[in-house]
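Colleague: Sequence and predicted structure, then a few things I'm wondering about:
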Amino acid sequence: MSTTFLFGYIAFMVVTIIGVNLIARRSRPARLAGAADAPAPLDEVQLNNPDSAPMPAPQVKTQERAPLVTADISIPKVLTVLLIGMFIAILNQTLINVALPVLINDFNVSTSTAQWLTTGFMLVNGILIPISAFLMRSYTFRQLFLVSMTLFFFGSIICSMAMNFPVMMIGRVVQAAGAGILMPLGSNVFMTLFPPHKRGAAMGMLGIAMILAPAVGPTITGYVIQNYDWHVMFYGMAFFGLLTLLLGVAWFKLVQPLSKPKFDALGVVFSTIGFGSLLYGFSEAGNDGWDSPLVISTILIGILGIATFALRELSMDDPMLNIRVLKVPEFSFTLFINIIVTMALFGGMLLLPIYLQSIRGFSPIDSGLLLLPGSLIMGITGPIAGRLFDRFGIRPLAIFGLTLMTYGTWELTQLDMNTSYNSIMSIYMLRSFGMAFIMMPIMTAGMNALPMKMIPHGNATQNTLRQVAGSIGTAILVTVMTRQTTAHLADDANQFTTLDPTLSQHLNELGQQLGSSQAASVSWMTQLTKQATISGITDAFWVATVLSALALILSFFLHGKKEPNLD
């Protein structure tokens, strides 16, 4: 088992490093800044007035030079260190889930208290991402990368030395601050370095970190928990965080022109209250129910805070987050599809491990290894899908990918107690293959519709709404699962006790086999509960199937290959 795990992880790292170098070398900017014959980029006035432009219009569309690239910068090295940093930051979000039972026991805290280790991480991310556009305009890419990795490193050190829950919580918050900066930074760097007609392949490589990290996280945690002390996880995070930081000091030298916007303190307050409350409310809805006073109040406060934040930003000449990007039809439409897909994807990522571990009895490592091939397929296929996007546009890829995703999700509605390990793996691989053709290409299509100066705002808007969508999707599917499980359990028990006259005979026979009728009753209730839970999970997958089908229908209305916005 450990050999299989190590082989899969090594294979991923090899594919990542080779892929990054291939993509970067084939898609790097045509010339570096400072080259004598490199044409200067057109400014906004020249783009709006062709007569004033010093060179013909066709050269504008093929202009590939990024002004922030200088001769001493190696693009493959920059992208490699950036992807490694993003991978371990995203990986860290899911590491803690499998370790929660051990941490609950070691720190002697309740489950609801321990859950703050994941909820707090999510909230800090949700607070930082909306203001990322301001950060990108105020600080260089290099500064932000080094600060984010420094925060992540020190947060990991704090967690590795934690002897009680408060210290662990502090470490997680510091880690989350680093990850919250790094996530939007990665998208902005890729969108800035690569011209629009090559962004598909580049963003496909970025998808390796964004897609694979959440999948391998539970496997790594399960392996560590099973063989070592949980502190080893954070020792490893600290080591790789420090290594990435040192590589960043040497390799990550990207700087971009800064506009130094005015800091909007009141806007940050409204954003923090709004997005923080909304994310918390939806995260608790799956546990406490939608009728919980806490859930209702926090969601309402979140909506009010976001509405106030939006009105304030719309009233400003230079907003911290320019939500006017939503006025661009293609950006808004692709974002809407992306939100629907994210709701189905995030919820499904939670339901399948519940089925595998709680119902079928697979260990965390076994369930993680079952999901690993699909994730590797998604990571390997991502750059290929990106190149196809660059050539054919988003429409054919979205239709193909969502067809496979919808079918694969429907197959998960057929799960039962006897579904084989290999069958589940095959279904997940097919579903993952389809997702590779939709996740990053749909994001890239939306961003390509925006002018360059709006890219940071588009990234912040897209990442924020995707995070909210993930929380909503998870809350909805968990609610469907729990309520349907309760309903199925009541129906099955009622059916057995009122409609089956031979129930007593079956229990007596089972009691003789197990030694007592009480043992038979316990076994019967256990099986009944498992069957009801499976029915609840499959009902939730039906909701995910409907969401996927809705996204598929909408994908037919996407545009085909379209000239990107070069402003």
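Modeller: Nice, thanks for sending it over.
Colleague: ok, residues contacting the strand or helix carrying residue 423?
Modeller: According to DSSP states H and E, residue 423 maps onto helix 421-436. For helix 421-436, the external contacting residues (C-beta atoms under 8 Å, 6 or more residues apart in numbering) are 207, 211, 341, 345, 352, 356, 362, 370-371, 373-375, 377-379, 381-382, 384-385, 400-409, 411-412, 415. Backbone N, C-alpha and C define where each C-beta goes, glycine included.
Colleague: Just the C-alpha atoms of that helix, please, in PDB.
Modeller: Coordinates of each C-alpha in helix 421-436 appear next as PDB, following Å, rounded to 0.1, in the frame of the first residue of the first chain:
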ATOM      1  CA  TYR A 421     -13.900  -1.100  -5.800                       C
ATOM      2  CA  ASN A 422     -12.800  -1.200  -9.400                       C
ATOM      3  CA  SER A 423     -16.200  -0.100 -10.700                       C
ATOM      4  CA  ILE A 424     -16.100   3.000  -8.400                       C
ATOM      5  CA  MET A 425     -12.600   3.800  -9.500                       C
ATOM      6  CA  SER A 426     -13.600   3.500 -13.200                       C
ATOM      7  CA  ILE A 427     -16.600   5.800 -12.700                       C
ATOM      8  CA  TYR A 428     -14.500   8.400 -10.900                       C
ATOM      9  CA  MET A 429     -11.800   8.200 -13.600                       C
ATOM     10  CA  LEU A 430     -14.500   8.800 -16.300                       C
ATOM     11  CA  ARG A 431     -16.000  11.700 -14.400                       C
ATOM     12  CA  SER A 432     -12.500  13.200 -13.700                       C
ATOM     13  CA  PHE A 433     -11.600  12.900 -17.400                       C
ATOM     14  CA  GLY A 434     -14.700  15.000 -18.300                       C
ATOM     15  CA  MET A 435     -14.000  17.600 -15.600                       C
ATOM     16  CA  ALA A 436     -10.500  18.200 -17.100                       C
END
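Colleague: Residue 148 belongs to a helix, doesn't it?
Modeller: Yes: note on residue 148: a helix contains this position according to DSSP: H, G, I helix; E, B strand; the rest coil.
Colleague: Give me the distance between it and residue 81.
Modeller: 12 Å (C-beta to C-beta, to the nearest Å).
Colleague: more crowded one of these two?
Modeller: Neighbour count, other C-beta atoms under 10 Å: between residue 148 and residue 81, residue 148 has more, with 28 against 23.
Colleague: how near is residue 285 to residue 295?
Modeller: Going from residue 285 to residue 295 by C-beta to C-beta gives 5 Å.
Colleague: Residue 377 too?
Modeller: Separation of residue 377 from residue 295 (C-beta to C-beta): 37 Å.
Colleague: Compare the two (neighbour count), which wins?
Modeller: residue 295 (21 against 18).
Colleague: Per-residue pLDDT of the more buried one, please?
Modeller: Note on residue 295: pLDDT of 88.
Colleague: Tell me the secondary structure at the nearest residue to residue 162 once chain neighbours are set aside.
Modeller: Nearest residue to residue 162, sequence neighbours excluded (C-beta to C-beta, 6 or more residues apart in numbering): residue 168, at 3.9 Å. Secondary structure, three-state DSSP: residue 168 is helix.
Colleague: my read: residue 168 touches residue 159, true?
Modeller: Yes: Residue 168 is within contact range of residue 159, at 5.8 Å (criterion: C-beta atoms under 8 Å).
Colleague: Quick check on the two: which one has the bigger neighbour count.
Modeller: Taking neighbours as other C-beta under 10 Å, residue 168 and residue 159 compare with residue 159 leading, 27 against 24.
Colleague: and that one, what helix or strand is that in?
Modeller: Following DSSP H and E, one finds residue 159 within helix 141-160.
Colleague: Please apply the same query to residue 479.
Modeller: Counting by DSSP H and E, residue 479 is part of helix 455-499.
Colleague: Could you list every helix and strand in contact with that helix?
Modeller: Helices and strands touching helix 455-499, as assessed by 3 or more C-beta pairs under 8 Å, 6 or more residues apart in numbering; DSSP states H and E, comprise helix 116-128, helix 132-138, helix 165-193, helix 265-288, helix 329-353, helix 439-448, helix 517-555.
Colleague: Return the distance of the second one from the chain's centre.
Modeller: Using C-alpha atoms, centre = their mean, to the nearest Å, the distance from the centre of helix 132-138 to the centre of the chain it belongs to is 21 Å.
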